[in-house]
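> the following block contains a protein sequence and its predicted model.
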Amino acid sequence: MTSQAFLTSRLQGFGTTIFAEMSALAIATDSINLGQGFPDTDGPALIADAAIDAIRAGHNQYPPLLGIPELRAAIAAHQQHWYDLTYDLETEVLVTAGATEAIAAALIALCEPGDEVVMFEPYYDSYTAGTAIAGATRRVVTLRTPDYSFDPDELRRSITSRTKAVLLNSPHNPTGKVFDRAELELIANLCVEHDLIAITDEVYEHLTYDGAEHIPLATLLGMRDRTVTISSAGKTFSYTGWKIGWVCAAPDLLAAVRTAKQFLTYVNGAPFQHAVAVGLATLPDAYYRDFAADLQARRDLLVGGLRAAGYEVLVPRGTYFVTVDIRPLGETDGLAFCRSLPGRTGVVAVPNVVFYDDKDAGRSLVRFTFCKRREVLEEAVTRLQTLNLRQ
Ligand code: PMP
Ligand code: GLN
């Protein structure tokens, strides 16, 4: 562990992200990496071709601060088509350097030091860091296994006179939970009652299984003009390294986020913006359905293999990830388990405990990704089953 002597107090404790640690371990041990969520195949060729065409056509200088108009128009059309949400592409749509920048810019732009942000745990790691960078404080509500439901009273109690925003991720990483309408209505009603802003991370919006429906919080009564809706092309099109994300929000909220965003990256990814615009504008609905069906089949492969290896599996209804409880294997400490697993089996996973404040709630939970080729998942499952036989 390197010294953190120079690191500001706001960021003490954040160290190295678990994704960087586990992906480095995968390389060092030549393991199958089911830790960090990134596909091992490219997305649609027409999108890659559009990026290459854009580079050759000279789209290589700074794009406009808001993002190129073709992409903003395609994002607005996407929100209209899938959710019946209307956004004005001049004042209500902003392209960002992935969802990560959008989340950070929203927190920095909207929170005063000392403000509180309500979020569910397990939380995506950048939420806590982004909140800390903004000088705000997190208030955490726990999603409880086995169904990842939450206690409405715990949510109500988490709201104080300092609460500025609720930060919601659905479909949810790492649990794979897709918040249902009743849960969203409860959250929406509290936002309206306490005059809170909602920041929603919807990067897995098209990755839902078993008929689960993704419902953007902005579609609920009273929410359209108080919600900063965030998504990204990374997951939808399997180009996670391109980092093209976006924000849709009412003009006043968008202007605030834009003000912070311009001093983080200003702009990014000019040719990739063109390519994502082509993807959004030309891929038929069948692309999204087929992609989700394909991922669902790979989820089933991994779920079956993990069950056969002796884990208790919490079956996800969305995202790239499946969580297991390792206690049936006689293990209790997910962090120690994930640090030793590559050496024992040649498979890398991520310990969910790092996404919890309540360490007891997440200690024995471990996340595997299934956004990999079938043969890779089959080999990983074989290795994990061998570990079990050796015990
Ligand atoms: N939110 C969640 C829940 C994620 O899992 C990820 C990981 N991709 C991100 C945000 C970051 O998205 P991006 O790569 O577009 O910054
Ligand atoms: N979202 C990816 C995951 O949860 C990781 C992205 C990152 O490395 N920050 O695995």
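That came through, no problem. Numbers count the residues shown, from 1 in each chain. Ligands and ions are numbered 1, 2, ... in the order given.
> residues from this structure in reach of ligand 1?
98-100, 124, 169, 173, 201, 203, 232, 234, 240, 243, 245 (CB under 6 Å from any ligand atom). For glycine as for every other residue, the C-beta is placed from the backbone atoms N, C-alpha and C.
> export the residues you listed as JSON lines, with columns for neighbour count.
JSON lines is the format used below for these (neighbours: other CB atoms under 10 Å):
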{"residue": "Gly98", "neighbour count": "24"}
{"residue": "Ala99", "neighbour count": "25"}
{"residue": "Thr100", "neighbour count": "22"}
{"residue": "Tyr124", "neighbour count": "20"}
{"residue": "Asn169", "neighbour count": "26"}
{"residue": "Asn173", "neighbour count": "25"}
{"residue": "Asp201", "neighbour count": "29"}
{"residue": "Val203", "neighbour count": "27"}
{"residue": "Ser232", "neighbour count": "27"}
{"residue": "Gly234", "neighbour count": "23"}
{"residue": "Thr240", "neighbour count": "19"}
{"residue": "Lys243", "neighbour count": "19"}
{"residue": "Gly245", "neighbour count": "27"}
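> which among these are in contact with ligand 2?
The subset of these lying close to ligand 2, counting by CB under 6 Å from any ligand atom, consists of Asn173.
> which one of the residues of the chain next to ligand 1 is nearest to ligand 2?
Checking these against ligand 2 by CB to the nearest ligand atom gives Asn173 as the nearest, at 5.2 Å.
> which pair of the residues of the chain next to ligand 1 spans the longest distance?
Within those, two members stand farthest from each other by CB to CB: Asn169 and Lys243, at 17.9 Å.
> which of the residues of the chain next to ligand 1 fall in strands?
169, 201, 232, 245 (DSSP state E).
> surely Thr323 is in a helix?
No. Counting by DSSP: H, G, I helix; E, B strand; the rest coil, Thr323 is not part of a helix but strand.
> beta-bridge partners for it, please?
Leu314, Arg367 (DSSP bridges).
> show me what contacts Gly346?
Neighbour list for Gly346: 29-32, 383 [criterion: CB atoms under 8 Å, 6 or more residues apart in numbering].
> related to what we said a few turns ago, so which of the residues of the chain next to ligand 1 comes closest to Asn189?
Asn169 (19.2 Å).
> what does the pLDDT read for the closest one?
Here the pLDDT value assigned to Asn169 is 98.
> excluding covalently adjacent residues, which one is nearest to it?
Asp201 (4.2 Å; CB to CB, 6 or more residues apart in numbering).
> I'd assumed Val166 was in contact with the one you found.
No. Judged on CB atoms under 8 Å, Asp201 makes no contact with Val166 at a distance of 11.5 Å.
> which residues of the stretch 251-391 of the chain fall in helices?
Taking DSSP state H, counting those that start in this stretch as the criterion, the stretch 251-391 of the chain carries its helices at 251-261, 270-282, 285-308, 334-345, 359-362, 374-390.
> may I have the fifth one as CSV, with CA atoms only?
The C-alpha atoms that make up helix 359-362 are tabulated as CSV, following Å, rounded to 0.1, in the frame of the first residue of the first chain:
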residue,chain,number,x,y,z
LYS,A,359,-19.5,-4.0,6.6
ASP,A,360,-21.5,-6.8,8.2
ALA,A,361,-24.2,-6.5,5.6
GLY,A,362,-21.7,-7.2,2.8
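> give me the helix or strand of the chain that scores worst on average pLDDT.
Lowest mean confidence among the helices and strands of the chain (mean pLDDT, DSSP states H and E): helix 374-390, at a mean of 87.
> quick check: which ranges of the stretch 151-300 of the chain have low pLDDT?
In the predicted model, the stretch 151-300 of the chain carries no residue with pLDDT under 70.
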